[in-house]
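J.: build me a model from this:
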Amino acid sequence: MLGLGLIGGSVARAAVAAGMDVRAWTPDGVGPRAAEGDGISAANNVDDAVDGADLVVLAAPPLACLELIDSLAGMSLRTETVVTDVASTKRAIVERASSAGLRFVGGHPLAGKETTGYGASEPDLFRDRPWVLVPPQPADEATVDRVATLVDACGARLVRMTASDHDRAVAAISHLPLLLAAALAESVAASPDWHAAQALAAGGWDSMTRLARGDVAMGSGIFATNPAEIGARLAALRSTLDAWAADLESGDVQARAGEHLARARAALEEGS
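T.: Below is the predicted model of the structure:
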């Protein structure tokens with residue numbers, strides 16, 4: 001396990017509970033030292049962490065995953081060793097792993113919290129949650145099965161997708177919400193009455209800005225590795241916001257706002 005924060009730590013704890021041997025490394029060593037009481041062995045370096053491993057999990061922000069792939073490409077991994085990741089974007093990572101010649105399956109468990117670090121990890125974090133796997137090309141079912149065993153150990157639901165389809169979908173339901181949470185916080189905090197408004201903030205504000213409280217390196221890596229798909233979703237949203245703005249200036253605000261709200265509610269209820 002290369003990385004042992006919220007996501008990596010949750011994966012590792014679930015794997016240990018399922019009887020798997022887990023060895024972990026992080027650049028600062030904080031997570032692995034904290035995890036030793038949970039049955040996770042601390043590795044001194046990347047080479048020590050991956051030595052003899054059947055499965056290597058890259059549990060780091062997207063840009064760090066790219067760097068780790070470059071590092072693994074220069075090592076003498078066993079031919080049986082499979083590598084996967086748990087990052088929020090897939091195409092850039094899958095392409096880098098393919099170029100590096102790794103036996104690689106892209107992965108993304110869709111669960112998380114705004115809190116970070118190993119101390120925030122939960123062994124049941126992924127239970128009944130979707131976990132996307134991007135099978136390698138050409139097909140290699142034995143490689144996919146190796147990663148699927150980990151997915152099962154975490155109690156997650158395996159979903160197969162291409163890297164492009166994954167990045168397009170999560171741009172809508174994960175990356176765009178992160179952008180909006182950050183933009184909302186930026187916009188309101190820059191207003192002259194921010195401190196007065198902040199004193200009145202309650203559940204609605206907390207819910208809308210929760211994602212903006214997360215890990216900055218993780219978030220910036222998401223935008224750096226999926227900019228086109230996020231940009232396309234943002235363009236569609238801007239069109240909708242322009243329609244809202246026009247309706248707020250109309251002579252029938254209540255009716256038009258009601259139409260917007262009704263459409264949004266119907267869409268959410270249809271998908272629930």
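
J.: excluding sequence neighbours, find me the nearest residue to the spatially most central residue of the chain.
T.: Central residue of the chain (Cα atoms, centre = their mean): S88, 3.3 Å from the mean position. Counting by Cβ to Cβ, 6 or more residues apart in numbering, I222 is the residue found nearest to S88 once chain neighbours are left out, at 5.1 Å. (Glycine included, C-beta is placed from N, CA and C.)

J.: what are the buried residues along whichever strand or helix holds I222?
T.: Assigned by DSSP states H and E, I222 belongs to helix 216-225. Neighbour-count burial for helix 216-225 flags 218-219, 221-223, 225 (criterion: 16 or more other Cβ atoms under 10 Å).

J.: now do the helices in this protein.
T.: Secondary structure of the chain, counting by DSSP state H: helices at 6-17, 30-35, 46-50, 62-73, 91-100, 141-153, 163-170, 176-189, 194-200, 203-209, 216-225, 227-248, 253-271.

J.: for the ones you listed, which one sits closest to T84?
T.: Proximity of these to T84 was assessed by Cβ to Cβ; the nearest stretch is helix 141-153, lying at 4.7 Å.

J.: what is the closest one packed up against?
T.: helix 6-17, strand 55-58, strand 82-85, strand 104-109, strand 130-134, strand 157-160 (3 or more Cβ pairs under 8 Å, 6 or more residues apart in numbering; DSSP states H and E).

J.: tilt between the helix holding I222 and helix 62-73?
T.: Counting by axes from the mean of the first three to the mean of the last three Cα atoms, to 10 degrees, helix 216-225 lies at 80 degrees to helix 62-73.

J.: who are the packing partners of helix 216-225?
T.: If contacts are counted by 3+ Cβ pairs under 8 Å, 6+ apart, helix 216-225 sits against helix 62-73, helix 91-100, helix 176-189.

J.: poorly predicted segments of the protein, please.
T.: By pLDDT under 70, the weakly predicted segments of the chain are 271-272.

J.: show me how it divides into domains.
T.: Under the assignment automatic domain parsing, the domains of the chain span 6-161, 166-271.

J.: most tightly surrounded among those?
T.: Of all the domains of the chain, domain 6-161 has the most neighbours on average by mean count of other Cβ atoms under 10 Å, namely a mean of 19.

J.: and that domain, how far out from the chain's middle?
T.: Relative to its chain's centre, domain 6-161 lies at 12 Å (Cα atoms, centre = their mean, to the nearest Å).

J.: ends of that domain, what's the gap?
T.: Distance between the boundary residues of domain 6-161 (Cα to Cα, to the nearest Å) amounts to 24 Å.

J.: what's the answer for stretch 43-56, then?
T.: Start-to-end span of stretch 43-56 (Cα to Cα) is 13 Å.

J.: what's the answer for stretch 151-159, then?
T.: 10 Å.

J.: hmm, I69 and L102 touching each other?
T.: Yes: using Cβ atoms under 8 Å, L102 is in contact with I69, at 6.8 Å.

J.: not counting sequence-adjacent ones, nearest residue to T115?
T.: Closest to T115 by Cβ to Cβ, 6+ apart is L6, at 6.6 Å.

J.: in JSON lines: the helices and strands packed on helix 141-153, plus distance to A262.
T.: Shown next, in JSON lines, are those (distance: least, Cβ to Cβ, whole Å):
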{"stretch": "helix 6-17", "distance to A262": "37"}
{"stretch": "strand 55-58", "distance to A262": "44"}
{"stretch": "strand 82-85", "distance to A262": "41"}
{"stretch": "strand 104-109", "distance to A262": "33"}
{"stretch": "strand 130-134", "distance to A262": "29"}
{"stretch": "strand 157-160", "distance to A262": "31"}
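
J.: compare these and give me the one nearest A202.
T.: Comparing the helices and strands packed on helix 141-153 by Cβ to Cβ, helix 6-17 comes nearest, at 25.9 Å.
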